[in-house]
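my questions are about this predicted structure, shown below with the sequence.
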Number of protein chains: 8
Amino acid sequence: MTEVGIIMGSKSDFIIMQAAKDFLDEMGISNEISIVSAHRTPQLMVEYAKGAADRGLKVIIAGAGGAAHLPGMTASLTTLPVIGVPVKSANSIDGWDSILSILQMPNGIPVATVALNGAKNAGILAARIVGAYRPEVAAKLALYADEMKQAVLDSGKSL
Amino acid sequence: MTEVGIIMGSKSDFIIMQAAKDFLDEMGISNEISIVSAHRTPQLMVEYAKGAADRGLKVIIAGAGGAAHLPGMTASLTTLPVIGVPVKSANSIDGWDSILSILQMPNGIPVATVALNGAKNAGILAARIVGAYRPEVAAKLALYADEMKQAVLDSGKSL
Amino acid sequence: MTEVGIIMGSKSDFIIMQAAKDFLDEMGISNEISIVSAHRTPQLMVEYAKGAADRGLKVIIAGAGGAAHLPGMTASLTTLPVIGVPVKSANSIDGWDSILSILQMPNGIPVATVALNGAKNAGILAARIVGAYRPEVAAKLALYADEMKQAVLDSGKSL
Amino acid sequence: MTEVGIIMGSKSDFIIMQAAKDFLDEMGISNEISIVSAHRTPQLMVEYAKGAADRGLKVIIAGAGGAAHLPGMTASLTTLPVIGVPVKSANSIDGWDSILSILQMPNGIPVATVALNGAKNAGILAARIVGAYRPEVAAKLALYADEMKQAVLDSGKSL
Amino acid sequence: MTEVGIIMGSKSDFIIMQAAKDFLDEMGISNEISIVSAHRTPQLMVEYAKGAADRGLKVIIAGAGGAAHLPGMTASLTTLPVIGVPVKSANSIDGWDSILSILQMPNGIPVATVALNGAKNAGILAARIVGAYRPEVAAKLALYADEMKQAVLDSGKSL
Amino acid sequence: MTEVGIIMGSKSDFIIMQAAKDFLDEMGISNEISIVSAHRTPQLMVEYAKGAADRGLKVIIAGAGGAAHLPGMTASLTTLPVIGVPVKSANSIDGWDSILSILQMPNGIPVATVALNGAKNAGILAARIVGAYRPEVAAKLALYADEMKQAVLDSGKSL
Amino acid sequence: MTEVGIIMGSKSDFIIMQAAKDFLDEMGISNEISIVSAHRTPQLMVEYAKGAADRGLKVIIAGAGGAAHLPGMTASLTTLPVIGVPVKSANSIDGWDSILSILQMPNGIPVATVALNGAKNAGILAARIVGAYRPEVAAKLALYADEMKQAVLDSGKSL
Amino acid sequence: MTEVGIIMGSKSDFIIMQAAKDFLDEMGISNEISIVSAHRTPQLMVEYAKGAADRGLKVIIAGAGGAAHLPGMTASLTTLPVIGVPVKSANSIDGWDSILSILQMPNGIPVATVALNGAKNAGILAARIVGAYRPEVAAKLALYADEMKQAVLDSGKSL
């Protein structure tokens, strides 16, 4: 059963969003990736979000740019945790619109927002959620943290 | 048949949005006002927007604050012109989130955005749209412009 | 009779504004395009705006950048709906000046503002206004929405 | 075993952060609340974060304002998901510093950021994470969504 | 013959703009104050600006808020120096809209912009312009600078 | 006797500031250009500003970027009108620092601020000041406005 | 011999700046406080800054708001470390102007900038500089850090 | 004994931070450079900061970008003065996140913040601190100021 669903409003966001998928693959977490647009395919978005929990998904990652409605609308249609990735798309004003339209959700409907273009961190956050309940994923995350630490230590030596 | 539909995500927005209704009433344009939340009643929003044109509406005015998705999502579910009013709600960051999440719509789905808390101007803009096709409304708008001009001239005299 | 007038302050804005014309052409909506500068040809602007309704125009689209006064001044000289396109021109500060000087109009004189460089959406918004009163245009807009939906669905398949 | 740990840098943040605790209590999710300052008690922060998973916590909620380092530093010391609440504290510049210093984490160390002062949404997000693995919590979240929907519908009737 | 004309879009701006008049009176520079709205009385604005130089004015001070078009439009209709005062009016977004729509004028049409609500400095700037050609005004400005210096020195003593 | 002094903090600003000189030359207004740094040559700045009026200057144009202190400090050392040009220098944050540290002068010491990188407009503004007292300059400015108008009209024809 | 000089542009800044003096007094570091305005008393500023090192000062703390030139100009006239306190004065735009005109100094002339209204931290930073060379001050700073830690721990117990 | 420690979160920051080291070398101030990441090597950061004073360091320079926690966390673990360099790293939003998360430290824990990418100024500020207690360094700084002045004067001649 797929654990994490990754959605984005446009195929052009894939170049950013792929980092989420890559990390989940690396952690051995089953995932799927789909194009779902809040504005161009609202009906598909409703179906995707409403069916997500029943299909066994534990987390949804949604990336969007500009007036980014996909993460928040998806969150309003499921009880699963939704991670929002503000994408600095071509029509975005330095990313401010993407960030604010994902982050500033009203009380009742949270979106777990990560940094601008932070798709890798979205993947890691999803893995942390899964890892809270699957010890072998938590162990892999601890190894990943060790590797990051070692890389910093090594880069310091080579200075 | 009602010409203009006014929607907002929360009853607390009514104190701002009433100015739209008041102007439409003043111009003799039939209108209705409803509470429709993109995040709390997504299904109602879909029904409202999809049925709007068939019910005879010519324009929809939608007000929302923070990560404001109501105007844009409504616009994605109808071919009618949608006017968005960014509301400086309690949870908004000086209104920037409200403005950007309404204004910065992707290509394909426009929202006619007015100034922050600009509900009166939303009403006037709806009247201008109606007035482009109903000469008696255009005539009233011309009178309204004359009254504004006269008020400025009078205020100058009393200086 | 021409339905939509498109104006801009400088020929250099044409590269952005052409998308409005292209969409209107695609929808079969008669339109015209002119260079009218609020600051360099104020008299021409007054004449253009004052005569627009009598010439049969239903909507005016005005694009400008920096301290962008053309949309708002035009709106003050007509009762027609005016759509403002904030252009991210060379002298603009990331577009913020263009957006705020078009969007933040005082009560009484609305401008229907679209996204930064959102000329295509300005064209679509004008078509939605026309379509509210011309069913064949509304039908074309519905087809256009279907095509957008289909393009998203297709792009998802090819992922 | 406590499922959610709530921490904040100063007791003065409690007036904001209590909404997280209240929601978790309402959902029947065990939780604890502590004062842990990144800058004033860095050692306590290290111990809290390093021991969190072993103590059985599934999620940490961290609130802070200004140059807010508590959520990000905590995330760097655990593999659990960390939810960050940007607090608009007295010394904050309209909340922008709080938001950016929590949201813009580097690759490798995500923080699930919610809206400014969005402690209630932090509680709901924690509940969604727990609910992804505890069906009875998911069921309560679905009920909560229904209540929100009903409240909107009722408020519309009383308009 | 009046040397400085002070205009503003609304009588409500007078509480800010009066400081310009007061300083000019103090310097013995003849001045007049009028309500002229770019959006509500465009024709009056055209007449005022076009006739200003012939009436003997040397400088125009124009105050406005929000999407503030009065200073820039006035500057486009005269060759006199125009000083713009961005007013933080009720509908302004912390004054950013007022500043940017006055400051960011395109090449060819400058506006001498002063600080937000800086009407007193607008008066001083007008006096400096007059003083560059009337030595007795320059002498008064030098005295004014001395008084400011003395006030600082005195306030230091009383610390 | 030189009428306008142009100063800038660094020779690297000359590429921007030259436009001011070029316009003044075109108008036949005598001018000079100097490198004067508020931070690197404070004593030179004091001497330049204090001697400016006695040397016959009527206007000073000062360009600077980042934490731009040259225009404001110069204004504090003379009673002449000082025009400030915010330069978007390499170390500037999109020009915001340049603009705010020139524009937001305290009461008592105004700087006539023009648009970011608006050196040409600084030259035109200086010419307008001179032109208010020298009719032949005003006449040239009127011609210049006519040429701008004609250029817009011509560009429209060639569309 | 006085170790730390505290200056500010206006007596009205004293309500903010006093916190610097209070902390220095608490640490037993000799200090003095003066009103010195970059714009109103430029000559006094030059004398103060040029004589500071010879009088034995080790650090200068300078507070200012709006287009804040005092810290940067002082730094250009001494080789001592200058700490800048951006003051959110009445005429400031939410403090952004104060921050940027102090922080964004050009290469060659640094100002050690602290948080908006952060006068207490300016005092602590001055004490840290003195403490790097006077062990008894460093010891007091370590005690102060312990007290802060203890206060947090105590506040947590009383929760 | 080394006087100044320079740390940064990632080797990629070295291209910016080297300017600090270069200036210190030029002034004959002993220094060291290390890679220390707040998020990837928190334990190393704690050890570095806690041991810094005992090892004889007088000043720490810390550079970081995005949600930059290294300068502030280091300051919380030492009583030495810490200079923060906001780095405009690849993931930063035009540098605003870097600046605010370093500058806006809470009362009790100051960071001496310099301009965006201002590593050279960080080096100069460290030298000014050292120079306040080592006259030969102060003398070199005075020479450096003279050289800057001379360079400006020379560049003016060649205009």
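Arrived safely. All values reported here derive from a predicted model rather than from experimental measurement.

tell me the contacts of the residue in chain A positioned nearest to chain F?
Residue of chain A nearest chain F, by CB to the nearest CB: residue A:94 (8.4 Å). For the C-beta atoms, the positions are set from N, CA and C on the backbone; glycine is no exception. With contact set as CB atoms under 8 Å, 6 or more residues apart in numbering or on different chains, residue A:94 has these partners: A:88, C:94, H:93-94.

element containing it?
If you go by DSSP states H and E, residue A:94 is not part of any helix or strand.

do the one 3 residues further on as well
Taking DSSP H and E as the definition, residue A:97 sits inside helix A:96-103.

show me what that helix is packed up against.
Counting contacts by 3 or more CB pairs under 8 Å, 6 or more residues apart in numbering or on different chains; DSSP states H and E, helix A:96-103 packs against strand A:59-65, helix A:70-76, strand A:82-87, strand A:112-113, helix B:96-103, helix D:96-103.

how about the residues of chain A that lie near chain G?
By the criterion of CB under 8 Å from any CB of the partner chain, no position of chain A is found lying close to chain G.

just want the residue of chain A that's nearest chain C.
Nearest residue of chain A to chain C (CB to the nearest CB) works out as residue A:35 at 3.6 Å.

what is that residue paired to in the beta sheet?
Beta bridges link residue A:35 to residue A:8 when assigned by DSSP bridges.

list the contacts for residue A:144?
Taking CB under 8 Å, 6+ apart as the test, what residue A:144 contacts is A:27, A:124, D:108.

report pLDDT for the residue of chain A found nearest chain E.
Residue nearest to chain E within chain A (CB to the nearest CB): residue A:96, separated by 13.1 Å. On pLDDT, residue A:96 comes in at 98.

which residue is the nearest non-sequential neighbour of it?
Leaving out its chain neighbours, the residue that sits closest to residue A:96 by CB to CB, 6 or more residues apart in numbering or on different chains is residue B:100, at 6.3 Å.

tell me the buried residues in the helix holding residue A:97?
Using 16 or more other CB atoms under 10 Å in any protein chain shown as the test for burial, helix A:96-103 gives A:96-103.

burial of residue A:30, as a residue count?
Residues lying near residue A:30 (other CB atoms under 10 Å in any protein chain shown) number 14.

same check on the one 5 residues further on?
Residue neighbour count, defined by other CB under 10 Å, stands at 24 for residue A:35.

over to residue A:146?
Look at residue A:146: counted by other CB under 10 Å, it has 10 neighbours.

pull the distance from the host helix or strand of it to the chain's centre.
When elements are assigned from DSSP H and E, residue A:146 belongs to helix A:135-157. Put simply, helix A:135-157 sits 21 Å off its chain's centre (CA atoms, centre = their mean, to the nearest Å).

what of stretch A:147-159?
Mean C-alpha position of stretch A:147-159 versus that of the full chain (CA atoms, centre = their mean) differs by 28 Å.

contacts for that stretch next, please.
Defining contact as CB under 8 Å, 6+ apart, one finds that stretch A:147-159 is touched by D:108, H:9-11, H:14, H:33-37, H:40-41, H:44.

that older thread, which residues touch the residue nearest to residue A:96?
Per CB under 8 Å, 6+ apart, neighbours of residue B:100: A:67, A:93, A:96-97, A:100-101.

wait, isn't residue A:68 in contact with residue A:96?
No: in this structure residue A:68 lies outside contact range of residue A:96 using CB atoms under 8 Å: 11.2 Å.

just to revisit the earlier point, return the helix holding residue A:97 as CSV; C-alpha atoms alone will do.
What follows is helix A:96-103, C-alpha atoms only, in CSV (Å, rounded to 0.1, in the frame of the first residue of the first chain):
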residue,chain,number,x,y,z
TRP,A,96,6.2,35.4,-1.5
ASP,A,97,2.8,34.6,-3.1
SER,A,98,3.6,30.9,-3.1
ILE,A,99,4.6,30.9,0.6
LEU,A,100,1.8,33.1,1.9
SER,A,101,-1.0,31.3,0.1
ILE,A,102,0.2,28.0,1.5
LEU,A,103,1.3,29.0,5.0
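
tilt between it and helix H:96-103?
70 degrees (axes from the mean of the first three to the mean of the last three CA atoms, to 10 degrees).

do I have it right that residue A:58 meets residue A:3?
Yes: contact criterion CB under 8 Å: residue A:58 and residue A:3 qualify, at 4.9 Å.

where do the contact lists of these two overlap?
Here residue A:58 and residue A:3 have residue A:130 as joint contacts, going by CB under 8 Å, 6+ apart.

pick out whichever of those two has more residues nearby.
residue A:58 (24 against 21).

per-residue pLDDT of that one, please?
Residue A:58 is assigned a predicted lDDT (pLDDT) of 98.

what residues are up against the nearest residue to it once chain neighbours are set aside?
Using CB to CB, 6+ apart and skipping the chain neighbours, the partner closest in space to residue A:58 is residue D:132 (4.3 Å). Going by CB under 8 Å, 6+ apart, residue D:132 touches A:53, A:58-59, A:80-81, A:129, A:133, D:138.

ok, of those residues, which come out buried?
If you count burial by 16+ other CB under 10 Å, the buried members of the contacts of residue D:132 come out as A:53, A:58-59, A:80-81, A:129, D:138.

using JSON lines, lay out those residues together with distance to residue A:21.
Listed next are those as JSON lines, based on distance: CB to CB, whole Å:
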{"residue": "A:53", "distance to residue A:21": "21"}
{"residue": "A:58", "distance to residue A:21": "15"}
{"residue": "A:59", "distance to residue A:21": "13"}
{"residue": "A:80", "distance to residue A:21": "18"}
{"residue": "A:81", "distance to residue A:21": "18"}
{"residue": "A:129", "distance to residue A:21": "16"}
{"residue": "D:138", "distance to residue A:21": "25"}
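
the residue most central in space within chain A pairs with what?
Nearest residue to the geometric centre of chain A (CA atoms, centre = their mean): residue A:61, 3.1 Å. Beta-bridge pairing for residue A:61 (DSSP bridges): residue A:6, residue A:83.

spell out which parts of chain A neighbour chain D.
Going by CB under 8 Å from any CB, the residues of chain A near chain D are A:53, A:58-59, A:79-83, A:99, A:103-116, A:118, A:120-122, A:124-125, A:128-129, A:131-133, A:138, A:141-142, A:144-145, A:148.

quick one: residues contacting whichever residue of chain A sits closest to chain G.
Chain G sits closest to residue A:96 of chain A, with a gap of 14.9 Å, by CB to the nearest CB. Residue A:96 makes contact with B:96, B:100, H:93 under the criterion CB under 8 Å, 6+ apart.

okay, the second one: pLDDT?
By that I understand residue B:100. For residue B:100, the pLDDT comes out at 98.

repeat that for residue A:22.
At residue A:22, the model reports a pLDDT of 98.

which non-adjacent residue is nearest it?
Spatial nearest neighbour of residue A:22, chain neighbours left out: residue A:123 (7.1 Å); criterion: CB to CB, 6+ apart.

that neighbour contacts residue A:20, correct?
Yes: Residue A:123 is in contact with residue A:20 according to CB under 8 Å; the separation is 3.7 Å.

compare the two (neighbour count), which wins?
Neighbours were counted for residue A:123 and for residue A:20 using other CB under 10 Å; residue A:123 has more, 32 against 29.

can you pull the contacts of the more buried one?
A:19-24, A:27, A:61.

same deal with residue A:42?
For residue A:42, the contacting residues are B:46, B:73, B:76-77, by CB under 8 Å, 6+ apart.

which two in those are spaced the farthest apart?
Spatial extent of those (CB to CB) is set by the pair B:46 and B:76 at 9.9 Å.

kindly reformat the buried residues of helix A:96-103 as JSON lines containing distance to residue H:154.
Shown next, in JSON lines, are those (distance: CB to CB, whole Å):
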{"residue": "A:96", "distance to residue H:154": "43"}
{"residue": "A:97", "distance to residue H:154": "47"}
{"residue": "A:98", "distance to residue H:154": "48"}
{"residue": "A:99", "distance to residue H:154": "46"}
{"residue": "A:100", "distance to residue H:154": "48"}
{"residue": "A:101", "distance to residue H:154": "52"}
{"residue": "A:102", "distance to residue H:154": "53"}
{"residue": "A:103", "distance to residue H:154": "51"}
